[in-house]
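Novice: pasting the sequence and the predicted coordinates here, then a few questions.
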Amino acid sequence: MTPAEIAPKDRLIVALDLPSVEAAEAMIARLGDSVSFYKIGYQLAYAGGLPLIGKLADKGKKVFADLKMHDIGNTVARGTESVAKLGATFVTVHAYPQTMKGAVEGRGSASLKILAVTVLTSYNEDDLHAAGYRLGVSELVEARAQQAQVLGVDGLVSSPEEVGSLRKIVGHQMTLVTPGIRPAGSASGDQKRIMTPGRAITAGADYLVVGRPVVEAADPKATAEAIHAEIAQALGA
C-alpha cells in the first residue's frame, strides 16, 4: 500500500496504554468502528495483553506491537518470529544495527512490518548527552534512518519534529510512524518533541500514535473522530 492509499481513519493508531486486558477491551468497545488500528505496548503486554493481538486481528483490526526489542541478534530474530505468528501488523525494535538485522531475519516471509525506533520522543539533546551520546537528536535520528534503510527495515518511529527530514532521506520507501502527537489543548505529559495531528501529517507522517488524549478523554470516540477529521483536512481529502 502506498502512502496515498492509506485512508485518514486508518492513519490513527490508538495506544492501549491501560493496566489490564479488561480495561483495554472496554476501551475498544467504547471506540467501536471509529478506530481500526491499535497499539499494544509494555504496560498492556506485561498485563497479559499479547493474545489480544490475535483477537483484534480476527476482527479485522490492525495491531502495532510496540515491544521495542533490543538484544543480541539471535534473540531478537526469534522474538520477531514469535510476534509474526501473533498476527501483528507492526513491531518495533530499537535502531541498533545488530538488532535491526536480527528482526529482519526473524520476520522472514511474514507480512509483519519492522519499525525501528530512532530516538524516543521523551528525549532531548540533554538526555542524549547524559546517556553518553555525542550526536544530537537530529543527527542520531538521521544516522539511524540511513542504517535502517540499508538493512531492509520497513519503517521508522520518530518524533514528528524529524519527519520532514526523514522523508527527504528515505522518500516513500519507508513508513513513518510518529508518537508524540497531541491535539491542540492537550497536555504534553512526559513528551518533549510533540506536534498536533494535522501538522504531523503535513510534515510527512504516515501514521500517528495517540494514547492518553484519546483513552483519557471524556468521550474517546468523539476525540478519535476529531483526529480523523484533522488528518483528512491535512491531506486535503
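Specialist: Right, received. Where do you want to start?
Novice: can you give the strand pairings for the top strand by length along the chain, parallel or anti for each?
Specialist: Looking only at the chain and at elements set by DSSP state E, the strand with the highest residue count is strand 62-69. As defined by DSSP bridges, the strand partners of strand 62-69 come to strand 37-40 (parallel), strand 90-94 (parallel).
Novice: ok, and what's touching it?
Specialist: With Cβ atoms under 8 Å, 6 or more residues apart in numbering as the test, strand 62-69 has contacts from 10, 13, 15, 36-42, 45, 50, 52-53, 56-57, 76, 79-80, 83, 86-94, 99, 103, 115, 117, 177, 209. The way it works is simple: take the backbone N, C-alpha and C, and place the C-beta from them, glycine included.
Novice: which of these count as buried?
Specialist: Buried positions within these, assessed by neighbour count (16 or more other Cβ atoms under 10 Å), are 10, 13, 15, 36-41, 45, 50, 52-53, 56, 76, 79-80, 83, 86-94, 99, 103, 115, 117, 177, 209.
Novice: where do the strands sit along the protein?
Specialist: Defined through DSSP E, the strands belonging to the chain, from first to last, are 12-15, 37-40, 62-69, 90-94, 113-117, 155-157, 175-178, 207-210.
Novice: ok, now which ones touch residue 96?
Specialist: Under the criterion of Cβ under 8 Å, 6+ apart, the contact list for residue 96 reads residue 70.
Novice: quick check on it: phi, psi?
Specialist: Listed backbone geometry of residue 96 is phi -100, psi 140, with angles given as degrees, to the nearest 10.
Novice: re the thing from before, need the strands of the chain in CSV with mean pLDDT and distance to residue 128, can you?
Specialist: Listed next are the strands of the chain as CSV, based on pLDDT from 0 to 100; distance: least, Cβ to Cβ, whole Å:
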stretch, mean pLDDT, distance to residue 128
strand 12-15, 98, 24
strand 37-40, 98, 24
strand 62-69, 97, 17
strand 90-94, 97, 14
strand 113-117, 97, 14
strand 155-157, 95, 16
strand 175-178, 95, 19
strand 207-210, 96, 21
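Novice: any chance of the ones you listed in a markdown table, plus distance to residue 137?
Specialist: Rendered in a markdown table, the data for the strands of the chain read as follows (distance: least, Cβ to Cβ, whole Å):
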| stretch | distance to residue 137 |
| --- | --- |
| strand 12-15 | 22 |
| strand 37-40 | 23 |
| strand 62-69 | 18 |
| strand 90-94 | 15 |
| strand 113-117 | 13 |
| strand 155-157 | 14 |
| strand 175-178 | 14 |
| strand 207-210 | 18 |
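Novice: and the helices in this structure, which stretches?
Specialist: 21-31, 42-44, 51-58, 73-86, 97-107, 125-130, 137-151, 163-170, 197-203, 212-215, 220-235 (DSSP state H).
Novice: those helices: which one's closest to residue 181?
Specialist: Comparing the helices of the chain against residue 181 with Cβ to Cβ, the closest turns out to be helix 197-203 (5.6 Å).
Novice: could I get that closest one in PDB with only the CA atoms?
Specialist: Coordinates of the C-alpha atoms in helix 197-203 are reproduced here as PDB (Å, rounded to 0.1, in the frame of the first residue of the first chain):
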ATOM      1  CA  PRO A 197      -2.100  15.700  14.200                       C
ATOM      2  CA  GLY A 198      -2.600  18.000  11.300                       C
ATOM      3  CA  ARG A 199       0.900  19.400  11.400                       C
ATOM      4  CA  ALA A 200       2.400  15.900  11.700                       C
ATOM      5  CA  ILE A 201       0.600  14.700   8.600                       C
ATOM      6  CA  THR A 202       1.600  17.800   6.700                       C
ATOM      7  CA  ALA A 203       5.200  17.200   7.700                       C
END
